[in-house]
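> Show me the folded form of this:
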Amino acid sequence: MNRPTHEGNHKAMMKALVYHGPQRIEWEDRPKPVILQETDAVVRITTTTICGTDLHIFKGDVPAVSDGRILGHEGVGVIEEIGTNVLQFHPGDKVVISLISSCGRCPFCKKGMYSHCLTGGWQLGNRIDGTQAEYVRIPMADTGLYLLPPGVQEEAGVMLSCILPTGLECGALNARVKPGDTVAIVGAGPVGLAALLMAQLYSPAQTIMIDLDENRLKIARSFGATQTVNSSDGKAAERVLELTQTTGVDVAIEAVGLGATFDICQAIIAPGGRIANVGVHGKPVELHLEKLWSSNITLTTRLVDAGSTPMLLKMIQAGRLDPARLISHRFSMPEILKAYDTFANASREQALKVVIKNEGS
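Sure thing, here's the model as predicted:
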């Protein structure tokens, strides 16, 4: 077993995508990470991707992210080094990296709220350096990594780092989707489509996708959405009410993070319905309690805990779930700035998830 080492490693360099403030990112040389704690692992990244949250950071919506931070919280890679107290993994193991680090012992971890772990939570690409680099240090590796089984492709595995657990936990589970429900998802980007795939596991009668982009609505239909609504004319709520004979929907999932999309959810929710917020909000939104106070609705918020990752991995192994369908573009690591431009201009580029390969790994 490799022991923590500090001397001699600090001169080793790697390439990484570094945040330097709103609208400023650079692909630059940075020191290769080393083991800092006995529970750490250093992973050589082979596949990573860009999350909508990374775009929020890029735009300055997450002020906790500081200048000089390596971005990214999703990845698949090969363990290169482990601390002396990593018990479940070994150098050479191919692993899925979870965006959530958890101690498993604090009060929040004992409640299953791993995203609020007192010493972990969402750290990668946020409070510590992330996965959009050739190497990454993973704290609390025994709980933050999952073996990638033989036969599961890396492109499927990287969708387990964040987007699929988010679609399930923050979307379908928080919304308590059940058989026969009418479900509306506002936002047909990658996380909205992931929420659609996860909601379908619970047999809703109708799934209505709402978006400005006709190409994404076309993709949503190919993923099994029963109806789609183009919201570009500002009349999405009216159309949804027409589709539901004015009663509204049982479930509204907000998957964008804007006031306008949150307003649509409030306008279309039926009495007794559930609104599940998934989007990352960088600005305040209005909660229309003057209309909803008597409607018996439930509003949920959540940061993904990633406790569902092992179950989702089993579904992929069994052929019940094909997350690679979410991928539209592929890039090499030196092309990561182009990948960001593509993902940030999703409508122009017809982009969903973009995958970035470390071809030198």
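> my read: Gly189 touches Leu217, true?
No. Gly189 lies out of contact with Leu217 (C-beta atoms under 8 Å); the separation is 11.2 Å. C-beta: built from backbone N, CA, C; applies to glycine.
> Overlap in contacts, the two.
Asp211 (C-beta atoms under 8 Å, 6 or more residues apart in numbering).
> Can you tell me the element the residue nearest to Val62 when sequence neighbours are not counted falls in?
Take Val62 and drop its neighbours on the chain: the residue closest to it by C-beta to C-beta, 6 or more residues apart in numbering is His56, 5.6 Å away. Per DSSP states H and E, His56 falls inside helix 52-59.
> coming back round to it: if I pick the residue nearest to Val62, what's in contact with it?
So His56 contacts 62, 257, 280, 282 (C-beta under 8 Å, 6+ apart).
> Show me how the protein divides into domains.
13-162+306-357, 167-300 (automatic domain parsing).
> and the last one, how far apart are its ends?
Separation of the first and last residues of domain 167-300 by C-alpha to C-alpha, to the nearest Å is 14 Å.
> Relative to the whole chain's centre, how far out is that domain?
18 Å (C-alpha atoms, centre = their mean, to the nearest Å).
> next one: the longest one
Taking the mean of its C-alpha atoms, domain 13-162+306-357 sits 10 Å from the chain's own mean (C-alpha atoms, centre = their mean).
> So Lys283 versus Gln350, what's the distance?
Lys283 is 27 Å from Gln350, where distance means C-beta to C-beta, to the nearest Å.
> Looking at those two, which is more packed in?
Gln350 (15 against 8; other C-beta atoms under 10 Å).
> before we move on, back to that, now rank the contacts of His56 by neighbours and give me the top one.
Gly257 (22 neighbours).
> And the strands in the stretch 1-150 of the chain, which stretches?
For the stretch 1-150 of the chain, the strands defined by DSSP state E, counting those that start in this stretch cover 13-19, 25-31, 41-49, 69-70, 75-82, 94-97, 100-101, 121-122, 135-138, 145-147.
> Given the longest one, what are its sheet partners and their directions?
Which is strand 41-49. Note on strand 41-49: by DSSP bridges, its sheet partners are strand 75-82 (antiparallel), strand 135-138 (antiparallel), strand 353-357 (antiparallel).
> ok, and for the last one, which residues are buried?
Of the residues in strand 353-357, those with enough neighbours to count as buried (16 or more other C-beta atoms under 10 Å) are 353-357.
> likewise stretch 277-287?
277-281, 285.
> which intervals of the stretch 1-150 of the chain have sub-threshold pLDDT?
Filtered on pLDDT under 70, the stretch 1-150 of the chain yields the residue ranges 1-10.
> count of residues packed around Ile128?
17.
> can you pull the contacts of it?
With C-beta under 8 Å, 6+ apart, Ile128 has these contacts: 137, 139.
> Mind listing the residues bridging to it?
Beta-bridge partners, per DSSP bridges, of Ile128: Leu124.
> now Asp213: how far from Arg137?
37 Å.
> out of those two, which sits in the more crowded spot?
In this view Asp213 and Arg137 are compared by other C-beta under 10 Å, and Arg137 has more residues nearby, 22 against 19.
> Would you confirm that that one contacts Val34?
Yes. Arg137 is within contact range of Val34, at 7.2 Å (criterion: C-beta under 8 Å).
> Touching both of these two, which residues are there?
With C-beta under 8 Å, 6+ apart, Arg137 and Val34 have common neighbours Val42.
> follow-up on the earlier one: tell me the two of the contacts of His56 that are most distant?
Val62 and Gly257 (11.1 Å; C-beta to C-beta).
> so what sits against both of these two?
56, 280, 282.
> any idea which element Met198 lies in?
Applying DSSP H and E, one finds Met198 within helix 190-199.
> Just the mean pLDDT for that helix, thanks.
Across helix 190-199, the average pLDDT comes to 97.
> who's in contact with Ile336?
Contacts of Ile336 by C-beta under 8 Å, 6+ apart are 17, 27, 132, 356.
> State the distance from Glu38 to Val86.
8 Å.
> quick one, which of these two is more surrounded?
Val86 (24 against 12).
> Can you tell me how far that one is from Val355?
27 Å.
> what number of residues lie near Leu292?
17.
> Tell me the spacing between it and Arg176.
18 Å.
> do Arg221 as well
Counting by C-beta to C-beta, the gap from Arg221 to Arg176 is 25 Å.
> what's the answer for Glu155, then?
Taking C-beta to C-beta, one finds Glu155 at 31 Å from Arg176.
> And those two? Which one has more around it.
Glu155 (18 against 14).
> Just give the nearest non-adjacent residue to the more buried one, would you?
Using C-beta to C-beta, 6+ apart, the closest residue to Glu155 is Ala324 (4.8 Å).
> Surely the one you found touches Gln153?
Yes. Ala324 lies in contact with Gln153 (C-beta under 8 Å); the separation is 6.6 Å.
> any shared contact partners between the two?
Counting by C-beta under 8 Å, 6+ apart, nothing touches both Ala324 and Gln153.
> Export the shared contacts of Val62 and Gly257 as JSON lines, with columns for distance to Thr309.
What follows is the shared contacts of Val62 and Gly257, written out as JSON lines (distance: C-beta to C-beta, whole Å):
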{"residue": "His56", "distance to Thr309": "22"}
{"residue": "Val280", "distance to Thr309": "20"}
{"residue": "Gly282", "distance to Thr309": "27"}
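> what's the spacing between the residue nearest to Glu28 when sequence neighbours are not counted and Leu352?
Once flanking residues are discounted, Glu28 sits nearest to Val18: 5.4 Å by C-beta to C-beta, 6+ apart. Noted for Val18: a distance of 25 Å to Leu352, by C-beta to C-beta.
> Fine, thanks again, bye for now.
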